[in-house]
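[1] Give me a 3D structure for the following:
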Amino acid sequence: MNSRERIDAAMRLQGPDRVPVMCQLSLGHYFLNTGFGAVEIWHSTEAFAEALIQLQQRYGFDGILVNLPGRDPNWRSHVRSIESGGGGEIIRWIDGTYTVCPDDDNPHVYQADGTRWFPTFAELDPEKLFYVEQHGVAGITYPQRFGFDRGPAPPGKDFFPPWHFDTVRYLADRVGDDISIHGEVFSPFSQLMDLLDYQNALLALVDDPVKVKSCLAALVEGSVALGCGLARAGAQAVLISSAFAGAGFLSRRHYMEFVLPYESAVVAGIRGQAGIPVYTHTCGAIGDRLDLIAATGTQGIDTLDPPPIGTVEIGAAKRQLAGKLFIKGNLDPVNTLLLGTIHDVRDAARERIALAAPGGGFILSSACSIAPATPPANIAVLREVAEEHGRYPIAAAASNRNG
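    Numbers count the residues shown, from 1 in each chain. Below you'll find the model as predicted:
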């Protein structure tokens, strides 16, 4: 079984030859460990794609998550200057804005006066919403603009520029036959949170829930369009990033009101039109809402943060979700992978395999993104543990392949 087949079997609740390994790395980890640097990785399709391949090979991952869109190949024509500063580099753009690119964290775009721009809730018109690209090179824009020389993108089939899907195309061409390539779509609720800035978005839920729901419904359409576009470009699965849907932000009641209906529509739209697996990434305290996440129709749950950073006990989650959803994650990215020893990581990975691998449907992974400064040796050992302790019976694996 190759890596693509291994991940596919796990997502379909089957037992592959061994437990797959696939972690989401923070962008800062790519900046620090590939030799490309923040400016190139954030702005260049080719640099980011090569960084993804480089660390997939280094760590022996069975899959790659593409968590930046493709970029305008002419992005450098909009640069006035690049200078050192702020613990990294600063790009001065010809339109007067500038981007601070730290060595170990996500870049952010600032106005000429040093502020970050967000629209107010009162300014939003649901009819002008389609998708909010949080990782756009121009920062948060409304109406959505891609790059510096393009006007507002028209909602509908021509919304995303052709190069938006280039990273997935690049990877599918280079390694797609052997490695599982996953695209990323932000949930409608996450898009609204990032568009308004978090405090203002949460206040809007109380001040005008009717308008909030109109905005979320509009963002469903763009999320489905993006997911289907990623599938056409070569993605073999789509992750819905729903980072703000845990108990730290929302009650169960608010989850049911502002998240569940809209993520359900995104899942149904992508699965119905593209026919590929769709799964959900939700961080933090989600132990009280695994049933609600499952109710969206998603095929898997990613992160499953353990105590103390979350509330998911992997054994209990496996019992609750076995035969229904695949599960991915549960290794503490801070206390184990970042701060622990190789021995600590090995023990934690063995425990997760013992509790979650029986019966299939499990992908060994960090709970949330691996931190920038995580020792590479602590990540590489995960593949070793999966090879040593994550093997499924040969007869069962062969039956799954033939069945």
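[2] which residues in this structure form strands?
    With DSSP state E, the ranges of strands along the chain come out as 63-66, 79-85, 88-93, 98-102, 108-110, 180-186, 237-241, 278-282, 300-303, 326-331, 362-366.
[3] okay if I get those as JSON lines plus mean pLDDT and mean neighbour count?
    For glycine as for every other residue, the C-beta is placed from the backbone atoms N, C-alpha and C. Below are these laid out as JSON lines (pLDDT from 0 to 100; neighbours: other C-beta atoms under 10 Å):
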{"stretch": "strand 63-66", "mean pLDDT": "98", "mean neighbour count": "25"}
{"stretch": "strand 79-85", "mean pLDDT": "94", "mean neighbour count": "11"}
{"stretch": "strand 88-93", "mean pLDDT": "96", "mean neighbour count": "18"}
{"stretch": "strand 98-102", "mean pLDDT": "96", "mean neighbour count": "20"}
{"stretch": "strand 108-110", "mean pLDDT": "96", "mean neighbour count": "15"}
{"stretch": "strand 180-186", "mean pLDDT": "98", "mean neighbour count": "26"}
{"stretch": "strand 237-241", "mean pLDDT": "98", "mean neighbour count": "24"}
{"stretch": "strand 278-282", "mean pLDDT": "97", "mean neighbour count": "26"}
{"stretch": "strand 300-303", "mean pLDDT": "97", "mean neighbour count": "27"}
{"stretch": "strand 326-331", "mean pLDDT": "98", "mean neighbour count": "28"}
{"stretch": "strand 362-366", "mean pLDDT": "98", "mean neighbour count": "28"}
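[4] Please render those strands as TSV that adds distance to Leu250 to the earlier fields.
    Putting the strands of the chain into TSV (distance: least, C-beta to C-beta, whole Å) gives the following:
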stretch	distance to Leu250
strand 63-66	24
strand 79-85	38
strand 88-93	33
strand 98-102	29
strand 108-110	25
strand 180-186	16
strand 237-241	15
strand 278-282	10
strand 300-303	16
strand 326-331	20
strand 362-366	23
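[5] for those strands, which one sits closest to Asp291?
    strand 300-303 (10.8 Å; C-beta to C-beta).
[6] residues in contact with the closest one?
    Identification of contacts with strand 300-303 by C-beta atoms under 8 Å, 6 or more residues apart in numbering yields 11, 24, 239, 277, 279-283, 286, 290, 293-294, 310, 317, 321, 325-330, 365, 367-368.
[7] Hmm, Arg58 is touching Arg383, no?
    No - applying C-beta atoms under 8 Å, one finds Arg58 not in contact with Arg383, separated by 9.9 Å.
[8] Give me the more crowded residue out of these two.
    Arg383 (20 against 14; other C-beta atoms under 10 Å).
[9] give me every residue that touches Arg12.
    277, 326.
[10] can we see that at 10 Å?
    For Arg12, the contact set (C-beta atoms under 10 Å, 6 or more residues apart in numbering) comprises 277, 299-300, 326, 360-361, 400.
[11] Could you pull out the helices in the stretch 51-200 of the chain for me?
    Ranges of helices in the stretch 51-200 of the chain, per DSSP state H, counting those that start in this stretch, are 166-175, 188-196, 198-207.
[12] Packing partners of the first one?
    Other helices and strands packing on helix 166-175, by 3 or more C-beta pairs under 10 Å, 6 or more residues apart in numbering; DSSP states H and E, are helix 45-59, strand 63-66, strand 180-186, helix 209-233.
[13] got the angle between it and helix 209-233?
    30 degrees (axes from the mean of the first three to the mean of the last three C-alpha atoms, to 10 degrees).
[14] What is the neighbour count of the nearest residue to Gly151 once chain neighbours are set aside?
    Here the nearest residue to Gly151 in space, its sequence neighbours aside, is Arg145; by C-beta to C-beta, 6 or more residues apart in numbering that works out to 6.8 Å. By other C-beta under 10 Å, 17 other residues sit near Arg145.
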